[in-house]
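**Student:** here is my input, please return the structure:
(2 chains)
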Amino acid sequence: MPALEDYKGQTPAWCPGCGNFSILKTFKEALVELSMEPHQFMIVSGIGQAAKLPHYLKCNTFNGLHGRALPVATGIRLANHNMPVIVTTGDGDCYGEGGNHLMHAVRRNLNIKLFVHDNQIYGLTKGQASPTSVEGMKTKNQPFGVFSGQLNPMALAIALDCSFVARGFAGDAGHLKWLMKEAINHNGFSLVDILQPCVTFNRINTYEWYRQRVYHIEPEYSPEDRTEALGRALEWGDRIPLGIIYKNHRPLYEERIPVIKDKPLVRQSFDLSKLEGTLKEFY
Amino acid sequence: MDYSIKIGGEAGQGIQTIGDTLARVFSRTGYHVFTHQDYESRIRGGHNFFQIRFSDRPVMASREKIDILVALDGESISIHEKELSETGLLIYDSAALREKHQKPSFLDIPFVGLAAEKGGSKIMANTVAVGAVLGMLGMGLNILNEIIKATFKKKGEDIIKANIAAAYAGHNFAVENCSGCSFSVMPPSGPKMLIGGNDAIGLGAVASGCKFYSAYPMTPSTGIMNYIAGKEADYGIIVEQAEDEIAAINMTLGASFAGVRSMTGTSGGGFALMVEGLSLSAMTETPVVIALAMRPGPATGFPTRTEQGELQFALYAAHGEFPRVIFAPGTPEQAFYLTSRAFDIAEKYQIPVIIMTDQYLADSQWTFDGFDIKKIKYTDYRLRGESFKNLTEYKRHAFTSSGVTPLGIPGASRHTVVTDSDEHDEEGHIVEDAGTRIRMVDKRLFKKLPLIGNEMGPPLLYGDPDPEILIAGWGSNYGIMKESVDELSKAEKIAMLHFSEIYPLPLTGKFDYIGLLKKAKLTICIENNATGQFACFIRAETGYDFNAKINRYDGRPFLLEELTGEINACIGRL
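**Tutor:** Next comes the predicted model:
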């Protein structure tokens, strides 16, 4: 079984007090408890503060372009579906720049785990509005306040029939670790939106602001009822639910592809012997 | 013997089916065949045509003059009648077109009537037309019958019989009624291979161990995806239709990073979206092969027509400085072998390789004696199995003398494989320091560049070895230039210089083609674009300036009589 030290990466370049520290520590603990060794899984990320996470860990890593983590993860899963693939991203990276990819990744339902560090602001570019910023929030770029409606990633995911939809909070590490493990163990595309206070740029959605509003979804709640789940996903404001909001048992994309039924693409050898027959088709 | 047949009509009338079938009959008979297509961006209506040239000697371009025009609509008559050769004939169905012509070069054949009467359904009118053309040419129906049997195998014996009856009806009608037919064809020889540009690239990918292809459909590149998708089961390939071209190239890079040979394909507009991914391939040193099938731009341009307007774009696309390779095959055969080379070079040097074609090459079919599988080089450059497991240490971007670090397959050993679109250290982690930056640029660019340069083959010289007139070009103009040289060599000391390996520009050590250009009395660069992008590229790289340029930029390919006329005009101005 791996130990926490096995995941030691570079020293994080996040601001002191950033919600990402807690997410990183919680994630490492989840990996230890799941016995996932550094070489056994892959993290794909894009650009933003959350996307730097794999450098602060030890693991296989593809840190690609802004917004494009999901297509890279899709390619990796299709080439090697024995490799667990986790995407670490933020609200700007995933819901903004990469919004189109999110919609189609959910539709495909590959077994990818999507952890969105949602701080409701752009951190890396210094404080512009993100798709999840609240209406009216004033920033340097939005001096009259944000006019666009606030994206509700939970409701969006449920509308798309996402296989696993959950919300965690960086200030509630124990609960977040449980959610991460549930997501990783779930057989299907899993979105975990993680409320993550940005202590430098977001003066509205602070630790205190979240703590006054979040609550754990009650144990008797059934996340398999899509209509009820949509109702729960729409809760935002005075009360913000944390936990597994929705899940289903849609068939996995990888399992529907006949050519990788026996083994992953990356382990299939290349056989030239069929070529003579293929060439005959042109006569 | 050198005949041209044109089938004209509206989209949806079955022009391509007639054209494909006739081309297959000719190639199986043993003739050399060249076909090209002209179609509009619509599924029904409009005016399209399919042109077939066949001969007992190699043909690789279309002529202006037509020997048999199959007019499936009235527009085909009004537009193309003037293209008929002196002995050319036009066949049409007066009942279907509701117009009757009394000219001696017109032959009225009741395609629809005969189909209904002999085949039992109007649907078989196109089979009647194919039979009629073969009857006019004095050819038999044995090969056509074989094709009908294979095509309709799944539809059952009755459909096969009906189509064969329809073919005979057309054939017999032509034999009995075509008093003006004076065609004579050579006796058959062994069957030839008939293949189009898109299929050749798809076949080249399959034959090179391509395991993953992701793309968004875009004319004229879609045929590549269609071909490879048809081979998924046989060869263990995944074809993923992406939500957009940005996703397509990023998926391709993901699959490549995970350890399989991967490719994407598109046209100019889609390539524009892929450009950031091209740069990502360079920074992460992840191999990728990109097929770029050009069509006229800017923007949506002419979606179904041809142009060589994206050479400068492909040369300079993407932010940052990095090596790339650009191939531009001139024939389906070159497309096949260069696709294979593209996979080899992409993986060997961990760089992007772009294969440029255009609608003209993508959609035209050529005959060959066959492709030689033995010429396909397959080397697995990946670090996998015991050789990876036994390493004591692995760094994805470790500095090496060649600049190339072995490509480890993630998960295949206890070593982690890390890469980043940010500037990174040897392990693949983000850095900010100047020293590492310089060493990484040296590794990716300056160390690899001379090695890649050595891989590039020289341009092909065809014609007079000591030419006074030297025509030059690249990509799909190979056939038209070669035939022009054949045509003009009776009167001139003329040769062609054709470039299919574009960038890095081939070295002149073994073949001093720049010296040859400088020695010639007249050099002409021939391109399907407005500005002469290849001429501009040669001047930028070597300082050599062509004496003259011939450019066509109306979205159509050069035709033989037209190009030889323009070359002669240049010679006349000497």
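**Student:** what's the longest helix in chain B?
**Tutor:** helix B:157-177 (DSSP state H).
**Student:** pLDDT on it, on average?
**Tutor:** In this model, helix B:157-177 has a mean pLDDT of 96.
**Student:** hmm, who's touching it?
**Tutor:** Contacting residues not belonging to helix B:157-177 are listed as B:91, B:107, B:109-111, B:114-115, B:117-121, B:124-125, B:127-136, B:141, B:144-145, B:148-149, B:152-153, B:181 [Cβ atoms under 8 Å, 6 or more residues apart in numbering or on different chains]. Backbone N, C-alpha and C define where each C-beta goes, glycine included.
**Student:** show me where the stretch 51-200 of chain B has helices.
**Tutor:** Assigned by DSSP state H, counting those that start in this stretch, the helices in the stretch 51-200 of chain B fall at B:74-80, B:94-97, B:111-114, B:125-137, B:142-151, B:157-177, B:197-206.
**Student:** so who does residue 26 touch?
**Tutor:** As the question left the chain open, I've gone with chain A. A:Thr26 is in contact with A:Ala173, A:Leu176, A:Lys177, A:Met180, counting by Cβ under 8 Å, 6+ apart.
**Student:** oops, chain B please
**Tutor:** Here B:Phe26 is in contact with B:Val33, B:Ile52, B:Phe54 (Cβ under 8 Å, 6+ apart).
**Student:** ok, now A:Leu57?
**Tutor:** A:Tyr7, A:Gly9, A:Leu24, A:Phe27, A:Lys28, A:Pro38, A:Ile43.
**Student:** those residues: which ones sit near chain B?
**Tutor:** Restricting the contacts of A:Leu57 to those near chain B by Cβ under 8 Å from any Cβ of the partner chain leaves A:Gly9, A:Pro38.
**Student:** return the subset of the contacts of A:Leu57 lying in helices.
**Tutor:** Per DSSP H, helices hold the following members of the contacts of A:Leu57: A:Leu24, A:Phe27, A:Lys28.
**Student:** I figured B:Gly479 was touching B:Arg63, is that so?
**Tutor:** No: between B:Gly479 and B:Arg63 there is no contact under Cβ atoms under 8 Å: 11.8 Å.
**Student:** quick one, which of the two is more surrounded?
**Tutor:** Per other Cβ atoms under 10 Å in any protein chain shown, whichever of B:Gly479 and B:Arg63 has more neighbours is B:Gly479, with 25 against 20.
**Student:** if I look at the more buried one, how far off is chain A?
**Tutor:** Look at B:Gly479 and chain A: by Cβ to the nearest Cβ, to the nearest Å, they are 18 Å apart.
**Student:** tell me the contacts of B:Glu501?
**Tutor:** B:Phe327, B:Ala328, B:Leu338, B:Met456, B:Gly457, B:Pro458, B:Pro459.
**Student:** tell me the phi and psi of the fifth one?
**Tutor:** The main-chain torsion angles of B:Gly457 are listed as degrees, to the nearest 10 and equal phi -80, psi 150.
**Student:** how many neighbours does it have?
**Tutor:** So B:Gly457, with other Cβ under 10 Å, has 14 neighbours.
**Student:** how about the last one?
**Tutor:** Residue crowding around B:Pro459 was assessed by other Cβ under 10 Å; the count is 21.
**Student:** repeat that for the second one.
**Tutor:** By the criterion of other Cβ under 10 Å, B:Ala328 has 31 neighbours.
**Student:** near chain B, which residues of the stretch 51-200 of chain A are found?
**Tutor:** So far as Cβ under 8 Å from any Cβ goes, the stretch 51-200 of chain A lies against chain B at A:52, A:54-55, A:58-65, A:68, A:70-76, A:78-80, A:82-83, A:100-101, A:103-104.
**Student:** pull out the buried members of the residues you listed.
**Tutor:** A:52, A:54-55, A:58-65, A:68, A:70-76, A:78-80, A:83, A:101, A:103-104 (16 or more other Cβ atoms under 10 Å in any protein chain shown).
**Student:** inside helices: which ones of those?
**Tutor:** Per DSSP H, these map to helices at A:Leu70, A:Pro71, A:Val72, A:Ala73, A:Thr74, A:Gly75, A:Ile76, A:Leu78, A:Ala79, A:His101, A:Met103, A:His104.
**Student:** let me see the mean pLDDT of the helix or strand containing B:Ile228.
**Tutor:** Take DSSP states H and E as the rule and B:Ile228 turns out to sit in helix B:222-229. Averaging pLDDT along helix B:222-229 yields 98.
**Student:** between that helix and helix B:197-206, how many degrees?
**Tutor:** 40 degrees (axes from the mean of the first three to the mean of the last three Cα atoms, to 10 degrees).
**Student:** give the buried residues for helix B:222-229.
**Tutor:** So helix B:222-229, judged by 16+ other Cβ under 10 Å, has buried residues B:Thr222, B:Gly223, B:Ile224, B:Met225, B:Tyr227, B:Ile228, B:Ala229.
**Student:** what packs against the helix or strand containing B:Ala255?
**Tutor:** Assigned by DSSP H and E, B:Ala255 belongs to helix B:245-258. Judged by 3 or more Cβ pairs under 8 Å, 6 or more residues apart in numbering or on different chains; DSSP states H and E, the packing partners of helix B:245-258 are helix A:69-79, helix A:99-108, strand B:210-215, strand B:261-266, helix B:268-284, strand B:288-294.
**Student:** ok now the longest helix of chain B, how far from the chain's centre?
**Tutor:** Mean-position distance between helix B:157-177 and its chain equals 34 Å (Cα atoms, centre = their mean, to the nearest Å).
**Student:** spatially nearest residue to the residue in chain B positioned nearest to chain A, not counting backbone neighbours?
**Tutor:** Using Cβ to the nearest Cβ, the single residue of chain B nearest to chain A is B:Gly254, 2.5 Å away. If the residues on either side of it in the chain are set aside, B:Gly254 comes closest to A:Gly75, at 2.5 Å by Cβ to Cβ, 6 or more residues apart in numbering or on different chains.
**Student:** again with A:Glu254
**Tutor:** Nearest one to A:Glu254, counting by Cβ to Cβ, 6+ apart, is A:His81 at 4.2 Å.
**Student:** now B:Ile494
**Tutor:** That would be B:Ile469: by Cβ to Cβ, 6+ apart, it lies 4.2 Å from B:Ile494.
**Student:** pull the number of nearby residues for the one you found.
**Tutor:** Other residues close to B:Ile469 by other Cβ under 10 Å number 24.
**Student:** what's the spacing between it and A:Phe189?
**Tutor:** 63 Å (Cβ to Cβ, to the nearest Å).
**Student:** before we move on, what about A:Leu252?
**Tutor:** 9 Å.
**Student:** please apply the same query to B:Met136.
**Tutor:** According to Cβ to Cβ, B:Met136 and A:Phe189 sit 60 Å apart.
**Student:** before we move on, what about B:Ala200?
**Tutor:** 37 Å.
**Student:** looking at those two, which is more packed in?
**Tutor:** B:Ala200 (31 against 28).
**Student:** dump the residue contacts of the more buried one.
**Tutor:** Taking Cβ under 8 Å, 6+ apart as the test, what B:Ala200 contacts is B:Pro329, B:Pro332, B:Glu333, B:Ala335, B:Phe336, B:Thr339.
**Student:** just give the nearest non-adjacent residue to the second one, would you?
**Tutor:** Yep, that's B:Pro332 we're talking about. B:Ala200 (3.6 Å).
**Student:** who are the packing partners of the helix holding B:Ile228?
**Tutor:** So helix B:222-229, by 3+ Cβ pairs under 8 Å, 6+ apart, packs with helix B:197-206, strand B:210-215, strand B:238-241.
**Student:** so which bits of the stretch 251-400 of chain B are right by chain A?
**Tutor:** So far as Cβ under 8 Å from any Cβ goes, the stretch 251-400 of chain B lies against chain A at B:251-260, B:262, B:276-277, B:280, B:284, B:370-371, B:373, B:376, B:378, B:380.
**Student:** make a ChimeraX selection of the buried ones in those residues.
**Tutor:** In ChimeraX, this line selects whichever of these come out buried by 16+ other Cβ under 10 Å:
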select /B:251,252,253,254,255,256,257,258,259,260,262,276,277,280,284,371,376
